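Novice: please work out how this folds:
(3 chains)
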Amino acid sequence: MSIDIVAFIADAIKMSTPLVFAALAALMTRQAGMFNMGVEGMILCSALGAVTGAHYLGNVWAGVACGILTGLLTGFVIAFAHLSGKTDLYLTCIAFNLAATGGTVFIMYLLTGEKSTTSGAFRSYQIPNINIPIIKDIPILGRIISGQSLLTYVAVFCVWFVWFLLKRTRVGLRIRSVGENPKAAESVGISVKKIGYIAFLFCGLFAGLSGTFLSMSWVTFFMKNMVNGRGYIGLSAQNMANGNPVGSALVSLLFGATSSLSLTLKSQSNFPTEFLEMIPYLATIIAIVFTSLYSIHRKRKIEQGIK
Amino acid sequence: MTEKEKKTVVETSGTAQKDPRRTDAMRKTQRIEAIMEIVRIVAGMAIAYIVALLILVAISDDPVFIVKQFILGPFSSPRRIGSIVNLAVPFTLCGLSMCFMYAVNKFNLIGESIFMLSGCIITWVALAIGQNMPAIILIPLLLIVGAIVGAVLSFIPAIMDRKLNANVVVVSLMLNSVIAQLAIYILRYYMKDPGISFIGSYELPKQIQFATLFGKMRIGAGVIIALIAVVIVSIIFFKTAFGWKMRIVGSNPKFATAVGLSTLGISFAAQLAGGALAGVAGATEIMNSYKRFQWTASTGHGFDGLLVAVLAKKNPVLVPIGALFLAYVRIGADVVNTSGDIPYEFISVIQGIIILLVAAESFLSGFKNRLIYRSVQADKAKKSA
Amino acid sequence: MAEEVLRMQGITKIYPNGFMANRNITFGIGQNEIHALVGENGAGKTTLMKILFGMEDCQEGKIFINGKEEKIANPLDAIAKGVGMVHQHFMLLPSLSVAENVTLGVEPMKNGLFDYNTAVKETQEIADKYNFKVDATAKVSTLSVGQMQKVEILKALIKGAKILILDEPTAVLTPQETEELFEQLFKLRDSGVSVIFISHKLEEVMRICSKVTVLRRGECMGTYDTKDLDESKISRLMVGRDVILKIEKEDPQPKEAILEIKDLHRYNSFGKAVIDGVSFTVHSGEVVGIAGVEGNGQSELSEVLAGLSEFASGDVILNGKSIKGLSVRQIRDNGMAYIAEDRMVEGVSGDMSIEMNIMADRFTKPNYKTGLFVDAKKIRKETEELIQEFEILCDGPEQPVRMLSGGNIQKVVVAREFTSGANFILANQPTRGIDVGTAEMIRKTIVRKSREEGTCTILISADLNEVLECSDRLLVMRKGKVVAAFPKANEVSEDTLGEYMLGLKSMTPEQMEGLL
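Specialist: Below you'll find the model as predicted:
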């Protein structure tokens, strides 16, 4: 078997795009002090929203808009249940993800009469890949950096945008203040609820982009349960990076590489596919083990007075 | 001051006097809280049920027929009633399993894949050694095997929670994806029956395919296992020291630590117990409702268990009621799925709504506070009169 | 009389658990006035002020500001109407700078972005105006408690507060810092700010306030000119009887050492030493008080002694056995009882019954169990006896603890800790925020147990009166170290104590020799 390293890296970048978006989505709510597992379901809904919008409005950009809108809407739903309904956030998210898994199939069936994929019933639209002039002609780098989906470049921009938003803008300062000490924020008249909603809407924006990438760039149709844990993986990625946008993106890239590895091996070897399917999830668990061990070790060292 | 005088000071101070602000009103408040808790659950289920009906009416060509099917369909034949009870068996067991997790406030969702792998492993064991073993030995043996599978699997997220402080929800969900693949692998490579048209194992030994209890209703013997489990778990929760410990840890872990309970150890043990029970659930389900192991995807029972535990408010005694309600709604969905054009999946939306409404603190809280306020006011008026 | 800037009329507040915190309270304050709001802990002062600041809603009552009726739904409303509040527990963001903390909520903007430089400038301007010495660019986590309080006041002033609520501002300050605060309050008053000063330190009230409103058990006992009152009159209004500040007790007869702390070190997660070489011994039959400004290592020390956290080096010997590496259970079995600083966090589980709370430390022991099962009959009987003995006002052993009042909740805590059979009692703020009667019962029981049963006690308290009166020996902690030790607590003056707490003075190891 032979593995094309360049194709593998290009693929890894592609596979990590939805993870980067997912990580940014989770990061926004985390900065406001909320651990949002609902990202998984939000991405799933957005993926369906995107293909549906594109099909009925007959335009790829309308699809993107619908994907983002769906993300915002689902973010609002979770925020409403948690912030206005005062429901435990874990429970809210688990309930939401359950409803999203079945609900997307339900809606897909109502629209297409199909229960597993929209590929037959909906026209497929693809977000264009961008060839960057000059760079595309550089031998190896060109094949990696150029020719990716537009949304991949958007993801890079979003990493910078989130950093800027948190550090340099008023709403960013407020989101961080709510995350650090909600009572303090409340006492100066900042509405914790309102900031929570804003954080969830940003989360929805990125979840929407993640879902849109999955159903209009990675493949060009919606498929039952197509997110397949990517929301959770993104959530873990930003957790490992301690809520730092750049760090989250790098960890996501690493996880993207494991997905790419799993895919490459599937086509190149006759190893039982079940084990290859496990790779991204096992990688996440192992990464969690190591980052936890590291942070525990460091904490213990500091507390023993060894600097 | 003499010793005696000192003593008098203590006794006449504020402590011994009745505080005028808290009297009967407190007692009434407690009662109102208890009643409202039940009202909230019932109202939550009712609203979700109404939403379900509205969805049916909105999308069906023949709404009257479909709604009637949804409500009455599950009771339309003895066999369907039996199906409700049979479906409630795994829901009860998984609900009890989640009660353990939820009691110590760990949303450890590993039960989802334990259910599947336990079913897979006990099938393998039964096929390997059980062909000529009498049921009286084989059934308990398989239940124990299931419990061991469950305890071993839930050990992974539980130990990561205990030693590494890793997020147990994320870890258990990731593990679910891994374990589900493992179960499929075992099925495909070690016990697939080539003689059938779908992917499934060889047929289980006849003696462990649970016989029916009530002829026409076709209720399997799994009901007995579920009921025994309810009794045992209830006793553990309310009568044993371990149950007390779990409830204290769940309601305030810092307090539990401060009074000398091993918070980490107890929540670890509770997660293992919950895992074992999920294993029993998987084993029971295979024997109760199947002839062979044929699951090629995760079954969702772990999440159903969480739903039941939420409905039952972590109280094992109420778990069968929650399980029966869920089973009734599911069979209703099944009936409209087969007799109309409504996909079964719409029920998952309804389930989400139920969890949210039952768990939402502010749902009906305004109403509750008004009731309490009124009772305090009435109390005040009575006193001044 | 000065014009009335604020009137609260007929305020009634009932909490969702049925507790009536305020009953038909009416009071008003004038311009250029420092107005005291006094009452025992739990009299409803904080609740009333939270209503004014929009953090709580009330069922009945009206609020008039400058004669106009106003609805205050949230802090934003309150701030817009010129009300500012400095909370008892600071509401600060330690990881941000002073300027960011002060301007949070009214951030200066440039080109749609947060303008940090202007924020610093504005903060410095207003600080200079009122003579507050703080560095606007410093990180809040590096400030002292007194400086943090200034940041809190600046937060209110920058938003244009005309009515400033200070909730027990001096509780965490040293006497010297308190003086500085008073100077600043006078300055504020003269520049047209009305101050509501919540306190239960009557001498402070008499000194700086022109009017006093007294609350007792959620009811208003009236508003008075301070010149018409004296301290004992106010205290009678507050509690309906003369407060007995002195605790009569025989001299201690310390016997064998029970607890020995040897060169203890502990570091926090930033690597900073929070306990820095503490050594002292407590003997059977004596109460050792630990005074100090909050946040100088007392809480960390009590966590270590209670087995709730590890320590880096040194040792703690309890009844001849090191507690290093022992679990809380093992330390408790070795004779420790613990009254936690925050009772709702570590003292009780609010949702559980009184019975489970009182029995929480002992139901696992063999004599409360029959096999795997708890001995329900015995547990019920003992709970009922303890409810009787400690006069816990409740509906029965099965009532959830959260439905009780603060004082009765604390009685649940002490009913457990005083009867656990321990010979070392670790009492951290045992009477904070509870009624005088219960506080007195707890203090007397601590002293009685040491005299009659020979228990050894560590009493950590921010209430100077309490540590001075209850303790036999007194230690002062500052920056994680013991900086002073006095053989007789009731002979120490508050001023002397303040100098050591603030770090103006400290004793050398030689001076403290024999007292540790």
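Novice: how about the residues of the stretch 51-200 of chain A near chain B?
Specialist: A:81, A:84-88, A:90-92, A:94-96, A:98-99, A:101-103, A:105-106, A:109-110, A:115 (CB under 8 Å from any CB of the partner chain). For the C-beta atoms, the positions are set from N, CA and C on the backbone; glycine is no exception.
Novice: select only the buried ones of those residues in ChimeraX?
Specialist: Those of these that count as buried under 16 or more other CB atoms under 10 Å in any protein chain shown are selected in ChimeraX with:
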select /A:81,85,87,88,90,91,92,94,95,96,98,99,101,102,103,105,106,109
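Novice: now, which of the residues of the stretch 51-200 of chain A next to chain B lie close to chain C?
Specialist: Near chain C, judged by CB under 8 Å from any CB, there are no entries from those.
Novice: tell me where the stretch 1-150 of chain A has strands.
Specialist: A:129-130, A:148-149 (DSSP state E, counting those that start in this stretch).
Novice: what does the first one contact?
Specialist: To tie it back to what came earlier, the one meant is strand A:129-130. If you take CB atoms under 8 Å, 6 or more residues apart in numbering or on different chains as the criterion, strand A:129-130 is touched by A:146, A:147, A:148, A:149, A:150, A:153.
Novice: just the buried members of those?
Specialist: Applying 16+ other CB under 10 Å to those flags A:146, A:147, A:148, A:149 as buried.
Novice: between these, which is nearest chain B?
Specialist: Of all those, chain B sits closest to residue A:149, with 25.2 Å by CB to the nearest CB.
Novice: relative to residue A:49, how far out is that closest one?
Specialist: Per CB to CB, to the nearest Å, residue A:149 is found 18 Å from residue A:49.
Novice: ok, residue C:115 next?
Specialist: Distance, residue C:115 to residue A:49, by CB to CB: 38 Å.
Novice: for these two, indicate the residue with more neighbours.
Specialist: residue A:49 (28 against 18; other CB atoms under 10 Å in any protein chain shown).
Novice: for stretch C:301-308, the distance to its chain's centre please.
Specialist: 19 Å (CA atoms, centre = their mean, to the nearest Å).
Novice: list the buried residues for that stretch?
Specialist: Within stretch C:301-308, the residues scored as buried using 16+ other CB under 10 Å are C:301, C:302, C:303, C:304, C:305, C:306, C:307, C:308.
Novice: give me phi/psi at the most centrally placed residue in chain C?
Specialist: Per CA atoms, centre = their mean, the C-alpha nearest to the average position across chain C is that of residue C:432, at 5.3 Å. Backbone torsions of residue C:432, given as degrees, to the nearest 10, read phi -70, psi 130.
Novice: and it, what does it touch?
Specialist: Residue C:432 neighbours (CB under 8 Å, 6+ apart): C:41, C:341, C:461, C:462, C:463.
Novice: the third one: neighbouring residues, count only.
Specialist: Summarising burial for residue C:461: neighbours were counted as other CB under 10 Å, giving 24.
Novice: repeat for the one 4 residues further on
Specialist: Residue C:465: 15 surrounding residues under other CB under 10 Å.
Novice: please tell me the pLDDT value assigned to it.
Specialist: Turning to residue C:465, the model gives it a pLDDT of 79.
Novice: got it, and residue C:452?
Specialist: 90.
Novice: how much space separates it from residue C:63?
Specialist: For residue C:452, the distance to residue C:63 (CB to CB) stands at 52 Å.
Novice: looking at those two, which is more packed in?
Specialist: Neighbour count, other CB under 10 Å: between residue C:452 and residue C:63, residue C:63 has more, with 21 against 9.
Novice: residue A:213 touches residue A:16, doesn't it?
Specialist: No. The criterion here is CB atoms under 8 Å, and residue A:213 misses it with residue A:16 at 10.5 Å.
Novice: any stretches of the chain with poor pLDDT?
Specialist: Unless you meant another one, I'm taking chain A. Across chain A, the ranges flagged by pLDDT under 70 are A:1-3, A:305-307.
Novice: chain B, not that one
Specialist: Within chain B, the stretches with pLDDT under 70 are B:1-27, B:362, B:366, B:376, B:379-385.
Novice: can you give me the neighbour number for the closest residue to chain A within the stretch 251-385 of chain B?
Specialist: Residue nearest to chain A within the stretch 251-385 of chain B: residue B:348 (2.4 Å; CB to the nearest CB). If you count neighbours by other CB under 10 Å, residue B:348 ends up with 23.
Novice: swap in the one 4 residues further on?
Specialist: For residue B:352, the count of nearby residues is 26 (other CB under 10 Å).
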